[in-house]
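*Asks:* Below are the sequence and a predicted model for it; my questions follow.
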Amino acid sequence: MFAFVLLVKFMPVYLVIGGFFGDEGKGSVVGFLALKDKVDICARGGVGPNAGHTVIYNGRTYRLRQVPSGFVYEKSRLLIGPGVLVNPEVLLNEIRMYEIDIKRVGVDKNAGIIEEIHIQREKESAHLKGEIGSTLTGCGQANADRALRILKLARDVDTLRQLITSVPDEIWEAIDSNKRVLVEGTQGTFLSLYHGFYPYVTSKDTTAGTLCGDIGIGPKDVDEVVLVFKAFVTRVGAGPLPGELPADEVKRRGWEEYGTVTGRLRRAAPFNYELAKRAIRLNSATQIAITKLDALFPKDRGKRSWDELSPEAKEHILELERNLGVPVTIIRTGLEIHEAIDRRKP
Ligand code: IMP
Ligand code: MG
């Protein structure tokens with residue numbers, strides 16, 4: 001009985017989800033957790049190649065639009081769930097460019113396929129391009145075709161043949177043998193088709209419930225939901241951004257960022273408690289990760305332990321915890337994967 005309790009306690013299933021409008025730094029949090037926890041599986045859910053997750057590891061910058069960010073832990077299996085859209089060219093390019101062992105990667109047979117026609121249609125849409133500020137990567141059009149049940153699936157694509165698997169079956173087997181599973185969401189809570197500022201949203205829900213469905217697990221398989229907030233809020237594309245600062249003020253504060261997929265300057269605003277509380281509820285968050293703390297406290301850049309943090313930075317984190325009622329367990333202090341503080345109980 002005792003051994004059983006220990007196994008259950010130490011072999012969790014983690015979800016990592018964006019708390020604001022995407023670009024919270026999920027990739028760096030997933031990469032850090034993958035290495036630290038030596039995860040057996042890192043599975044990517046979410047929309048598809050409209051997301052760009054950045055991981056800086058061993059002096060190299062990886063920009064990942066399809067491959068799960070947990071690839072940095074070399075023993076992990078890398079899975080893309082049936083709910084995720086795949087652009088075969090983008091995926092295969094990433095695997096080649098970043099020298100990832102292709103045997104580590106599995107794509108669910110039922111994942112939807114983005115074709116050139118989907119990207120073309122988005123580029124021709126004044127609504128998506130002008131009004132919404134879409135990444136124009138074909139995701140919305142492909143999801144529309146999937147809803148109409150005319151979308152091609154991964155099982156029908158020759159170039160993916162050696163990658164095809166059943167992601168739910170692989171994950172259930174891992175869970176049943178007490179392995180560690182890390183699930184990476186994309187975009188952010190307020191880009192959700194249902195819970196965001198419609199129509200300024202992406203083409204599907206992006207919260208924890210849907211993330212489970214993306215890879216084929218039920219809510220009760222999940223042990224921890226890590227909600228990622230950047231120390232301030234950014235958004236690319238159109239739509240409301242409460243508290244938005246003028247571009248020169250964003251630069252003055254050193255909060256300037258450019259999109260991974262589109263290269264666009266991101267709009268920015270101070271941390272938003274109202275949205276954060278809503279995101280916690282929408283995802284049933286059990287832990288919070290704060291990224292870019294060093295943007296608020298430059299002297300804390302690169303710190304890797306709680307004790308090293310300045311009193312102001314510590315107070316800032318404790319204030320967040322008091323207001324949000326959820327523990328801040330991961331604090332990122334720089335862009336390199338190891339520049340983070342892990343406050344989880346051992
Ligand atoms: P789409 O999903 O490419 O059609 O884009 C719809 C909206 O979501 C636009 O405002 C995009 O800028 C935004 N968006 C989509 N994916 C991401 C992401 O990964 N990070 C940040 N914004 C995104
Ligand atoms: Mg991004």
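*Replies:* Yes, it's here. Model, not experiment: these values are computed from the prediction. Ligands and ions are numbered 1, 2, ... in the order given.

*Asks:* which residues does the residue nearest to residue 153 when sequence neighbours are not counted contact?
*Replies:* Nearest non-adjacent residue to residue 153, counting by Cβ to Cβ, 6 or more residues apart in numbering: residue 110, 5.4 Å away. (C-beta placed from N, C-alpha, C; glycine too.) Contact analysis of residue 110 by Cβ atoms under 8 Å, 6 or more residues apart in numbering lists 82, 153, 154, 155.

*Asks:* now swap in residue 258 and tell me
*Replies:* Residues near residue 258 by Cβ under 8 Å, 6+ apart: 264, 265, 266.

*Asks:* The residue in the stretch 151-300 of the chain that ligand 1 sits nearest to: neighbour count?
*Replies:* Ligand 1 sits closest to residue 237 of the stretch 151-300 of the chain, with a gap of 2.2 Å, by Cβ to the nearest ligand atom. As a burial measure, residue 237 scores 21 neighbours (other Cβ atoms under 10 Å).

*Asks:* ok, now the one 5 residues further on?
*Replies:* The number of residues packed near residue 242 is 12, by other Cβ under 10 Å.

*Asks:* Make sure it is actually in contact with residue 267.
*Replies:* No: between residue 242 and residue 267 there is no contact under Cβ atoms under 8 Å: 11.2 Å.

*Asks:* can you pull the contacts of the closest residue to residue 21 other than its chain neighbours?
*Replies:* Of all residues not flanking residue 21 in the chain, residue 235 sits nearest, at 3.8 Å (Cβ to Cβ, 6+ apart). Applying Cβ under 8 Å, 6+ apart, one finds that residue 235 lies in contact with 20, 21, 22, 23, 241, 266, 267.

*Asks:* Pull out the buried residues from those.
*Replies:* The neighbour count (16 or more other Cβ atoms under 10 Å) marks 20, 21, 22, 23, 241, 266, 267 as buried among these.

*Asks:* SS state for the first one?
*Replies:* On the three-state scheme (DSSP: H, G, I helix; E, B strand; the rest coil), residue 20 is labelled coil.

*Asks:* Tell me which residues touch it, please.
*Replies:* With Cβ under 8 Å, 6+ apart, residue 20 has these contacts: 188, 189, 190, 229, 230, 233, 234, 235, 272, 275, 276, 279.

*Asks:* Repeat that for the fourth one.
*Replies:* Contacts of residue 23 were listed using Cβ under 8 Å, 6+ apart, and they are 188, 230, 234, 235, 236, 257, 259, 260, 266.

*Asks:* can you tell me how far it sits from residue 307?
*Replies:* 30 Å (Cβ to Cβ, to the nearest Å).
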